[in-house]
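A.B. asks: Structure here, sequence nowhere to be found:
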């Protein structure tokens, strides 16, 4: 009896839980099938969590009152919500957590719904565990796969038709007439990697990670990107029309606290997923540099730095060719019209022009010979101290400096005279 009273008193002494900062949408509904989370750590499944089927939404966080409590210190007290809706789908909603939620290697926008598909991978905060969203409804999985294949085929067909006809009016009318166009594009992002129908080939990927290439790749100590990896990465990608955005997260506590920087690069891995450059350090700027260096090495492994097929796409923008004020720049002028410099060089010499040049050279030679005579006949400075037989170290040192300077002037004049003689011979 005493133990029960002490336990009751302990429960009463606990502070009340903070209110949940979330309001369920009006179209919320109970889930139409059973969902689970397969928790993966170091490549092995460590847990299989069943989501409640009697709730319209499920809370995840570090508080013990959450439907799915979590222990990692980077997870917020109320981290996120899994919301079920009357369309039969599930959505994830980040509650403005401190360290964010990553869905399929992309950090999701806080306080906004993001549709979940079977097989999606989720990471909370800086935890290394991967949560895979799953269901045991095989009929639903097969239906989704068929829909995805049909949508992909429809997308490819429209793309081919548009490239053949060059007419985009059909695409515009199809986008207006379909109320679920946005949902359709979301569902096939796993195939199009997030690029819409208007994406051009320039917005594609630079290459693919090759296993054989990775094994044979050797780090080059004199590679250009080691000096300033951040600047090298931004220059290389931005010149090809890509944006460079770093994502930051934090991990650890106390002396183990560090920053993790990630940057997405237009390279695909063997699973057709985008590749990231990553770096971790106790300093945020150093972590960014390590991430950029990792990204540069990946690009180097794929041979992207050796490929010039997509180089300089940004220079193709309007006005890019006309920004230079240098009238002598003939790079963009591929006509056979000679430049002003070429016209000057091709002008023939006449007797008058040659005579004028010869007279100038002869005048220069005469001036140099006169200067040389003056240098050679320059009287040597004699000191009274020498007549008296007294040696003054300072005077001797100054006299040697004067002689050295005179000798330098004489040699310089001789060189100029030699050059002038050669010019007269030519």
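C.D. replies: The structure has been received and is ready for your questions. Since the structure is predicted, the reported quantities are computational estimates derived from the model, not experimental observations.

A.B. asks: List the contacts of residue 297.
C.D. replies: Contact analysis of residue 297 by C-beta atoms under 8 Å, 6 or more residues apart in numbering lists 219, 277. Every residue, glycine included, has its C-beta placed from N, CA and C.

A.B. asks: Show me what counts as buried in the helix or strand hosting it.
C.D. replies: Residue 297 is part of helix 284-301, with elements assigned from DSSP states H and E. Buried residues in helix 284-301, counted by 16 or more other C-beta atoms under 10 Å: 287-301.

A.B. asks: buried set for stretch 58-76?
C.D. replies: Neighbour-count burial for stretch 58-76, with 16+ other C-beta under 10 Å as criterion, is recorded at 58-63, 66, 68, 70, 74-76.

A.B. asks: same deal with stretch 350-365?
C.D. replies: By 16+ other C-beta under 10 Å, the buried positions in stretch 350-365 come out as 361, 364-365.

A.B. asks: distance of residue 46 from residue 38?
C.D. replies: Relative to residue 38, residue 46 is positioned 9 Å away (C-beta to C-beta, to the nearest Å).

A.B. asks: more neighbours, the two?
C.D. replies: Taking other C-beta atoms under 10 Å, residue 46 and residue 38 do not tie; residue 38 has more neighbours (16 against 10).

A.B. asks: Next up, the contacts around that one.
C.D. replies: Applying C-beta under 8 Å, 6+ apart to residue 38 gives the contacts 45, 47-48, 131-132, 134.

A.B. asks: Could you work out the most separated pair of these?
C.D. replies: Farthest pair in the contacts of residue 38 (C-beta to C-beta) is 47 and 134. Separation: 12.3 Å.

A.B. asks: So between those two, which is more surrounded?
C.D. replies: residue 134 (17 against 12).

A.B. asks: now the strands for the stretch 101-250 of the chain?
C.D. replies: For the stretch 101-250 of the chain, applying DSSP state E, counting those that start in this stretch gives strands covering 101-103, 106-107, 113-116, 121-124, 130-135, 207-208, 246-251.

A.B. asks: any idea of the pLDDT on residue 350?
C.D. replies: For residue 350, the pLDDT comes out at 79.

A.B. asks: ok, it - contacts?
C.D. replies: Taking C-beta under 8 Å, 6+ apart, one finds nothing in contact with residue 350.

A.B. asks: Check residue 67 too.
C.D. replies: Applying C-beta under 8 Å, 6+ apart to residue 67 gives the contacts 51-52, 55, 58-60.

A.B. asks: Let me have the buried residues of stretch 350-365 in CSV, adding pLDDT, distance to residue 218 and secondary structure as columns.
C.D. replies: Output for these, formatted as CSV (pLDDT from 0 to 100; distance: C-beta to C-beta, whole Å; DSSP: H, G, I helix; E, B strand; the rest coil):
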residue, pLDDT, distance to residue 218, secondary structure
361, 75, 57, helix
364, 78, 57, helix
365, 75, 59, helix
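
A.B. asks: Right, I'll leave it there.
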